[in-house]
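Asker: Quick one, fold the following:
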Amino acid sequence: MAHPHPTAPCATQAPTSTPAGIVAAAPPSAGPSPGVRRVTLTDGSVPVTGLLGEPSHGPSRALVVALHGGGMNAGYFDGQAHPDVSLLTLGPRLGYTVLALDRPGYGPHARRRADGLTVTEQVGPVAAAVEEFTDRHPGTGGVLLLGHSLGGKLALTMAAHRPPAALLGVEVSGVGHRLAVPPERAGQRAGVALRRLNWGPLGLYPSGTFRASESVVAPMPRREADSVGDWAAGGCADVLPRVRVPVRFTFAEHEAWWRHGPDDVADLTAALTAAPRVVVDRLPRAGHNVSLGWAARAYHLRALAFLEECREAAGALGDGLP
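Answerer: Numbering: from 1, shown residues only. Now for the predicted structure:
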């Protein structure tokens with residue numbers, strides 16, 4: 001597999017002010033969406049926080065563990081600009097438990113890991129938190145790891161090296177293996193060019209998105225930022241062949257960080273030699289931050305449909321899942 005670029009994209013932060021063409025809404029409420037609550041788990045030493053949405057009627061069909069990208073926090077999956085955007089409310093309405101975690105270096109306890117961890121180092125604490133959650137909630141069903149950008153790299157790395165019990169599949173967006181930008185731009189921390197790469201055309205997002213995203217944006221920890229090049233430089237070559245569950249890649253129409261032409265996708269999927277199934281989807285009218293735009297609902301529904309396919313396949317194989 002070729003890995004021509006030594007670095008990978010960094011933060012996916014929103015602009016610090018509302019860009020032209022986006023109408024500012026009233027400041028978002030301090031809390032999550034109705035029905036979504038904050039939770040605290042632990043990896044044995046440092047708390048791992050997150051947001052939890054649970055079905056209000058009937059048993060959980062499955063657990064979705066959602067992992068945000070760089071420069072964001074778990075609130076990325078609870079977009080406040082429009083009711084259709086939040087995965088944390090959509091999932092429970094359809095019968096799924098959704099646990100969006102603050103990756104190490106993010107969330108209320110970020111100062112306890114002020115320098116953060118590399119993606120590989122994040123596997124231990126995040127996997128321990130997921131294990132604690134599933135021990136506390138044994139009826140949540142099988143697990144889908146759903147990750148965006150850096151969180152997608154973590155989801156794949158967890159699946160390869162420390163998969164949760166009853167792992168059904170992995171869904172990632174904003175992740176490839178060949179950068180579409182020069183290495184020096186991939187290491188950029190701010191500026192108009194970075195905003196364009198992260199968001200794409202502004203009309204892809206509900207009015208008020210960038211005001212609402214002020215509570216979602218978070219500083220990118222130093223060690224995480226320093227390690228962003230590991231994936232494209234060869235880290236994915238160690239991870240992808242070890243993943244043994246179905247994998248689905250979603251590329252936004254306006255994904256600008258990663259190359260996702262036919263040859264790039266063929267090379268990427270060929271590396272998943274142990275995965276029983278690999279799916280690649282294209283999401284129209286979406287930018288890199290797919291879970292905050294108008295296309296978020298379509299994306300989340302497609303991801304949950306993939307989860308249902310994984311559940312059915314696991315049941316057909318006699319793994320004991322409903």
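
Asker: mean confidence score for the longest helix seen in the chain?
Answerer: Criterion DSSP state H: the longest helix present in the chain is helix 296-316. Across helix 296-316, pLDDT averages out at 95.

Asker: So which residues of the stretch 201-322 of the chain form helices?
Answerer: Ranges of helices in the stretch 201-322 of the chain, per DSSP state H, counting those that start in this stretch, are 209-212, 222-226, 236-239, 262-270, 296-316.

Asker: Distance from the third one to the middle of the chain?
Answerer: What it means is helix 236-239. Remark: helix 236-239 is offset 18 Å from the chain centroid, using C-alpha atoms, centre = their mean, to the nearest Å.

Asker: Look up how far His148 lies from the closest residue to Ser173 other than its chain neighbours.
Answerer: Counting by C-beta to C-beta, 6 or more residues apart in numbering, Ser173 lies nearest to Thr250, which is 4.2 Å off, once chain neighbours are set aside. (Each C-beta comes from the backbone N, C-alpha and C, glycine too.) Remark: distance between Thr250 and His148 (C-beta to C-beta, to the nearest Å) = 9 Å.

Asker: Looking at those two, which one has more neighbours?
Answerer: His148 (29 against 26; other C-beta atoms under 10 Å).

Asker: Gly287: what's its closest spatial neighbour, skipping adjacent residues?
Answerer: Leaving out its chain neighbours, the residue that sits closest to Gly287 by C-beta to C-beta, 6+ apart is Gly200, at 2.7 Å.

Asker: Surely the one you found and His254 touch.
Answerer: Yes: using C-beta atoms under 8 Å, Gly200 is in contact with His254, at 3.4 Å.

Asker: Wait, a strand at Ala100?
Answerer: Yes: counting by DSSP: H, G, I helix; E, B strand; the rest coil, Ala100 is part of a strand.

Asker: Quick check, pLDDT for it.
Answerer: 98.

Asker: Identify the residues contacting it.
Answerer: 50-52, 66-68, 74-78, 87-88 (C-beta atoms under 8 Å, 6 or more residues apart in numbering).

Asker: and if you look at Leu304?
Answerer: Contact analysis of Leu304 by C-beta under 8 Å, 6+ apart lists Val64, Leu90, Gly91, Leu94, Tyr96.

Asker: which is the next helix or strand following the lowest-mean-pLDDT helix or strand in the chain?
Answerer: Here the helix or strand of the chain ranked lowest by mean pLDDT, DSSP states H and E is helix 183-186, holding a mean of 54. Using DSSP states H and E, the next helix or strand after helix 183-186 towards the C-terminus is helix 192-199.

Asker: Return the distance of that next one from the chain's centre.
Answerer: The answer for helix 192-199 is 18 Å, by C-alpha atoms, centre = their mean.
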